[in-house]
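**Student:** quick one: sequence and predicted model below, then my questions.
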Amino acid sequence: MPPEIARPRAEIRGTVLRQIFDECAVTDSVRHGLLGGYGLSDADIDGEDGAVPLAAYLEIFESLATHQRQPTLGLKLARRMGPDLAGAPGYLFLGAPDLGTAIDEFVRTVFAIQGATFLDFARTPTPMMSYFIVDQSLTSRRQDAEFSLAYMHQLICLFLGTPYAPVELTFEHARLAPLSSYERHFGCPVYFEQARNSLVMRPQDLTSKARRHDPRLASLLRHYLTMIRHTKDRPSRVTDQVDAVLAKIVGADPVTVADVAFRLGTTEHTLRRKLSAEGVSFRDLLRAKKVAVAMRQLEDTEFSILDIAQKLGYSDAAAFTRAFRAETGVSPSLHRKQVNRLRR
């Protein structure tokens, strides 16, 4: 098994969790109980400098949905949120001249600042926003995924000043509630247990004009966000850069070292050399990411072991089982049984 790779702790702005608590109208005792279970307090979710570990945020969100007996809590909360949830990037979104520019600038600002979760925007013939979390070991992500894409949908509706229906929505996780509740919310087909969390649009949607556009305000916000990025920028290890790319494509697209190098704007030889200098290999990183994705799918979907092996690019179930056992010490089937036993 390859050595453990130390990674910086992923965090999310504490004010996001504060707004979720406020919208749910939870009592002080419930809030303090949920926060205290992870060593957090009100100080961590108040003020612009407050931060919450991503793992704690995901678990608290899931626990809150269970406490409120609302399996689609993320969807319902997103509908009540405005641009202030995202801060300056949210207002920059609404102030853009057209929808394509709004999404482009949002992707470059809010998710870059947050650093724990990411949004990809592909301006392909079928434009698509894809939301993901780099750390595949964080399995309590259903509410967050639904909340995040539903919030993007909400921002689009606010931008247009009218209800908006995408082409389709896809989610990685299994469905939590009747399909009709999702399709009513988004006004389009919604699919589950897919390769990525995504919102698919029409090309003509991107040319839609803003209900109101203030170029002077947009310029001020861009300047402010550029200053924030400069103060938050830190040298990034190549290992972390590769890990982020793999999180986007493992399980969704074929993966080669040449493709990852291209996405990072370097050569295959240079990428391998830099990884070696950090004490890791591309092969180990890819295997670890594939197994992490597999673990989440074993825990969170009904996919068969063969289905998971094929989605991850293994030649057969036996090859997948060997890689999984080398990384975890157990077989995929045993891992699934152990998880199911703990959940009973």
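**Tutor:** Structure received. Numbers count the residues shown, from 1 in each chain.

**Student:** which residues touch residue 203?
**Tutor:** Going by CB atoms under 8 Å, 6 or more residues apart in numbering, residue 203 touches 125-127. Every residue, glycine included, has its C-beta placed from N, CA and C.

**Student:** most surrounded residue in those?
**Tutor:** Counting neighbours by other CB atoms under 10 Å, the top entry in those is residue 127, with 21 neighbours.

**Student:** before we move on, the earlier item: quick one: which of the contacts of residue 203 is nearest residue 189?
**Tutor:** residue 126 (13.9 Å; CB to CB).

**Student:** before we move on, the earlier item: dump the contacts of residue 203 to a markdown table, plus secondary structure and distance to residue 151.
**Tutor:** Converted to a markdown table, these look like this (DSSP: H, G, I helix; E, B strand; the rest coil; distance: CB to CB, whole Å):
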| residue | secondary structure | distance to residue 151 |
| --- | --- | --- |
| 125 | coil | 26 |
| 126 | coil | 22 |
| 127 | coil | 18 |
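
**Student:** from those, pick the one nearest residue 92.
**Tutor:** Using CB to CB, those come closest to residue 92 at residue 127, 19.3 Å.

**Student:** including distance to residue 172 and pLDDT, could the contacts of residue 203 go into JSON lines?
**Tutor:** Shown next, in JSON lines, are the contacts of residue 203 (distance: CB to CB, whole Å; pLDDT from 0 to 100):
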{"residue": "125", "distance to residue 172": "23", "pLDDT": "91"}
{"residue": "126", "distance to residue 172": "19", "pLDDT": "93"}
{"residue": "127", "distance to residue 172": "20", "pLDDT": "96"}
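
**Student:** sketch out the low-pLDDT regions of the stretch 151-300 of the chain for me.
**Tutor:** Along the stretch 151-300 of the chain, the model assigns pLDDT under 70 to residues 211-236.

**Student:** one more time with 80, if that's ok
**Tutor:** 210-236, 253 (pLDDT under 80).

**Student:** can you pull out the helices in it?
**Tutor:** Taking DSSP state H, counting those that start in this stretch, the helices of the stretch 151-300 of the chain run over residues 179-186, 215-232, 238-249, 257-263, 268-277, 282-300.

**Student:** identify whichever of these lies nearest to residue 329.
**Tutor:** Closest to residue 329 of these is helix 282-300 (CB to CB; 11.0 Å).

**Student:** got the angle for that closest one vs helix 238-249?
**Tutor:** Relative orientation of helix 282-300 and helix 238-249, computed by axes from the mean of the first three to the mean of the last three CA atoms, to 10 degrees: 40 degrees.

**Student:** need phi/psi at the closest residue to residue 46 other than its chain neighbours.
**Tutor:** Spatial nearest neighbour of residue 46, excluding adjacent residues (CB to CB, 6 or more residues apart in numbering): residue 18 at 6.3 Å. When read as degrees, to the nearest 10, the backbone of residue 18 gives phi -60, psi -40.

**Student:** picking up where we left off before, for residue 101, which of the helices of the stretch 151-300 of the chain is the nearest?
**Tutor:** Nearest of these to residue 101, taken as CB to CB: helix 215-232 at 9.2 Å.

**Student:** now the helices of the stretch 151-300 of the chain in a markdown table, with distance to residue 154 and mean neighbour count?
**Tutor:** Shown next, in a markdown table, are those (distance: least, CB to CB, whole Å; neighbours: other CB atoms under 10 Å):
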| stretch | distance to residue 154 | mean neighbour count |
| --- | --- | --- |
| helix 179-186 | 10 | 15 |
| helix 215-232 | 19 | 13 |
| helix 238-249 | 24 | 19 |
| helix 257-263 | 30 | 16 |
| helix 268-277 | 38 | 15 |
| helix 282-300 | 25 | 20 |
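
**Student:** of all those helices, which lies closest to residue 321?
**Tutor:** Here helix 282-300 is closest among the helices of the stretch 151-300 of the chain (CB to CB), at 10.1 Å.

**Student:** and that closest one, what other elements does it pack with?
**Tutor:** Where contact means 3 or more CB pairs under 8 Å, 6 or more residues apart in numbering; DSSP states H and E, helix 282-300 is packed against helix 238-249, helix 257-263, helix 268-277, helix 305-311, helix 317-328, helix 332-343.

**Student:** and those as a markdown table, adding distance to residue 50?
**Tutor:** Output for the helices and strands packed on helix 282-300, formatted as a markdown table (distance: least, CB to CB, whole Å):
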| stretch | distance to residue 50 |
| --- | --- |
| helix 238-249 | 24 |
| helix 257-263 | 33 |
| helix 268-277 | 35 |
| helix 305-311 | 38 |
| helix 317-328 | 35 |
| helix 332-343 | 32 |
